[in-house]
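Student: below is the sequence, then the predicted model.
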Amino acid sequence: MNVFLAGGSGTIGIPLVRALVAAGHQVTALTRVPAKREMLEALGASVAVADALDRDALAGAVAAANPTHVIHQLTALPKQAPRRAIDIEATNHLRIDGTRNLLQAAIAAHARRFIVGSFAPLAGSNPATVSDAAAAAVRSMESQVLAATQQGLIEGVVLRYGMFYGPGVPSTAALVQLMRKRRLPIVHGDRGQLPLIHIDDAVSATVLALDGAPPASTYEIVDDHPASMTEIVTTVAKCAGSAPPRRVPAWLPRLVAPYLARMMAIRMPLSNARAKAELGWEPKYPTVQQGLAQMFRHAA
Ligand SMILES: NC(=O)c1ccc[n+]([C@@H]2O[C@H](COP(=O)([O-])OP(=O)(O)OC[C@H]3O[C@@H](n4cnc5c(N)ncnc54)[C@H](OP(=O)(O)O)[C@@H]3O)[C@@H](O)[C@H]2O)c1
């Protein structure tokens, strides 16, 4: 397959380029940054330099690559987890306008299939209770892809990933660093059930969805079990050999980092059963405890 990967230089983009190339696919990775060309070429990809918000430049880049498959992995989040609603505005814009531009470019280039990487915690939120801009942008991104599929313009597939963790994931690196400085507390009464996914498992599901997913399907790409932030933090402490984390009252993170606090309080036990049944996918790391333990063993 000839794959155009928007977001090819990102957290999932880089291991996904590696996996696609290893599976024998031809890959064009999109970036805005000419200096990343060498790194992406070293992974075996061709490189397209364009801004997804520049409709004409993007259409030119996609047409030149002449892809059979387009994968959308664009976000513009700060490298450390977003803390306030304002930190996610650029990503909202990208999810609405960037999706429209990429979808139009893919259809104009006669690509057969369009796979979009979505974000389970926002996609799965109940519109009646969560009506903020971030959730609306994710809903727009997914519905644009599914509407184009219903119109017979392209075969859209939605992959709702849990929160990424694992080697090379900036939020995991930040967590480990904070833990080593004893600046990572656990929150009193934490009953969160976070949908998570090891980055390697997100990559393997995406490669399988390239041709294995029926058009218009939506999959939850998550671990076998959700985990609370408290479970994640105590696992990191144990694996890193750090002292047990301090406990803080729930109002403190809500005051300091409201967006992050809301994300961490999510109770969303999603199911990966459909992805397992239809894609033949099995997560290599069924729980975050197994995934983190392997990451620390490997680093050691
Ligand atoms: N991180 C998570 O925990 C997480 C969890 C669930 C789902 N996801 C989903 O996974 C996907 C990718 O996330 P990620 O964590 O890999 O993101 P990331 O590491 O922040 O990478 C973002 C990518 O988007 C590109 N990009 C940003 N703005 C662009 C623009 N205007 N034009 C062209 N390219 C642009 C960046 O390229 P350059 O900077 O090189 O131009 C980079 O390749 C998204 O669909 C996201 O919703 C992420």
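Tutor: Cool, got the structure. Numbers count the residues shown, from 1 in each chain.
Student: nearest residue to the residue in the chain positioned nearest to the ligand in space, please, no chain neighbours.
Tutor: Residue nearest to the ligand within the chain: G10 (2.3 Å; C-beta to the nearest ligand atom). Bear in mind the C-beta positions are built from the backbone N, C-alpha and C, glycine included. Among residues not flanking G10 along the chain, Q73 sits closest, at 5.8 Å (C-beta to C-beta, 6 or more residues apart in numbering).
Student: got the contact list for that neighbour?
Tutor: L5, A6, G7, G8, G10, I12, G13, L16, G117 (C-beta atoms under 8 Å, 6 or more residues apart in numbering).
Student: is the second one in a bridge, and if so with what?
Tutor: Going by DSSP bridges, A6 is paired in beta bridges with L30, H72.
Student: any idea how far L292 is from it?
Tutor: Using C-beta to C-beta, to the nearest Å, A6 is found at 29 Å from L292.
Student: contacts only, for the residue of the chain closest to the ligand.
Tutor: If a contact means C-beta under 8 Å, 6+ apart, then G10 has Q73, L74, T75 as its contacts.
Student: tabulate the residues you listed (CSV), appending distance to D87 and pLDDT.
Tutor: As requested, those are exported to CSV (distance: C-beta to C-beta, whole Å; pLDDT from 0 to 100):
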residue, distance to D87, pLDDT
Q73, 19, 98
L74, 16, 98
T75, 11, 96
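Student: how about the residues you listed in CSV, adding distance to G192?
Tutor: As requested, the contacts of G10 are exported to CSV (distance: C-beta to C-beta, whole Å):
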residue, distance to G192
Q73, 25
L74, 27
T75, 22
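Student: out of these, which touch the ligand?
Tutor: Q73, L74, T75 (C-beta under 6 Å from any ligand atom).
Student: does the last one touch H93 like I think?
Tutor: No: counting by C-beta atoms under 8 Å, no contact exists between T75 and H93, whose distance comes to 10.7 Å.
Student: ok, the helix-or-strand element of the chain with minimal mean pLDDT near the ligand or not?
Tutor: Ranking every helix and strand in the chain by mean pLDDT, DSSP states H and E puts helix 258-264 at the bottom, with a mean of 80. No: against the ligand, helix 258-264 shows no contacts by C-beta under 6 Å from any ligand atom, the least distance being 9.9 Å.
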